[in-house]
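>>> Just the structure for this:
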Amino acid sequence: MYYYSSTSGLVRSFAERLGRPAYNLAEREHRRSVADGPWVLLTPSYKTGNDRNDTIPEGVRRFLASPVNRRRLVGVLGSGNRNFGTHYQRAARVVAERSGRPVLFEFELAGTPWDVAECREILERLDAALDERAGATG
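Down below sits the predicted model:
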């Protein structure tokens with residue numbers, strides 16, 4: 001399961017090109033839902049930020065306010081703009097650090113076809129690992 005935040009449409013474009021069901025946290029119904037299993041977050045960093053600015057999108061912060069959603073998060077994908085300098089990918093990196101989950105992949109803006117292909121491979125390996133883990137505990 002994949003949740004993403006996109007107001008500009010760049011992250012939505014990347015999420016759609018992955019060819020997997022994904023839910024936009026910019027939409028209230030998804031932002032207020034609870035993930036029913038392991039999930040991956042795809043988040044942009046919108047602001048250049050500074051030490052006092054939080055670059056994590058509001059929809060992401062609200063979704064992660066749920067203890068169940070935080071517990072079921074397995075990894076983070078990040079979109080950013082290299083023009084943000086040291087704040088490039090800040091939202092993905094902060095969520096990963098706070099949650100103790102890995103940043104699985106980072107790309108710039110809407111990503112390239114190579115980025116999509118590479119991310120698909122990473123997610124396929126993650127799916128296999130999660131399936132194996134579920135089989136071992138089930």
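
>>> And for residue 105, the neighbour number?
21 (other Cβ atoms under 10 Å). In short, each C-beta sits where N, CA and C put it, glycine included.

>>> Could you do residue 69 as well?
The burial count for residue 69: 17, using other Cβ under 10 Å.

>>> is it true that it touches residue 36?
No - checked against Cβ atoms under 8 Å, the pair residue 69 and residue 36 is beyond contact range at 10.3 Å.

>>> contact partners of the longest strand along the chain?
Identified as the longest strand of the chain according to DSSP state E is strand 73-80. With contacts defined as Cβ atoms under 8 Å, 6 or more residues apart in numbering, strand 73-80 is touched by 10-11, 14, 35, 38-45, 64, 88-93, 95-96, 99, 101-111, 119, 126, 130.

>>> Can you list the strands that that strand pairs with?
Using DSSP bridges, the strands paired with strand 73-80 are strand 39-44 (parallel), strand 103-108 (parallel).

>>> for the following helix or strand past the first one, what is the average pLDDT?
Downstream of strand 39-44, the first helix or strand assigned by DSSP states H and E is helix 58-63. The average of the pLDDT scores along helix 58-63 is 91.

>>> Also stretch 21-34?
92.

>>> repeat for stretch 6-16
Computed over stretch 6-16, the average pLDDT equals 87.

>>> what comes up buried for that stretch?
Buried residues in stretch 6-16, counted by 16 or more other Cβ atoms under 10 Å: 6, 10, 11, 12, 14, 15.

>>> And for stretch 82-98?
84, 87, 88, 89, 90, 91, 92, 93, 94, 95, 96.

>>> The second one and residue 44: what is the separation?
Between residue 87 and residue 44 the distance, using Cβ to Cβ, to the nearest Å, works out to 12 Å.

>>> what about residue 33, neighbour count?
15.

>>> How much space separates it from residue 66?
Taking Cβ to Cβ, one finds residue 33 at 9 Å from residue 66.

>>> Repeat that for residue 91.
18 Å.

>>> Then residue 15?
Distance from residue 15 to residue 66, by Cβ to Cβ: 20 Å.
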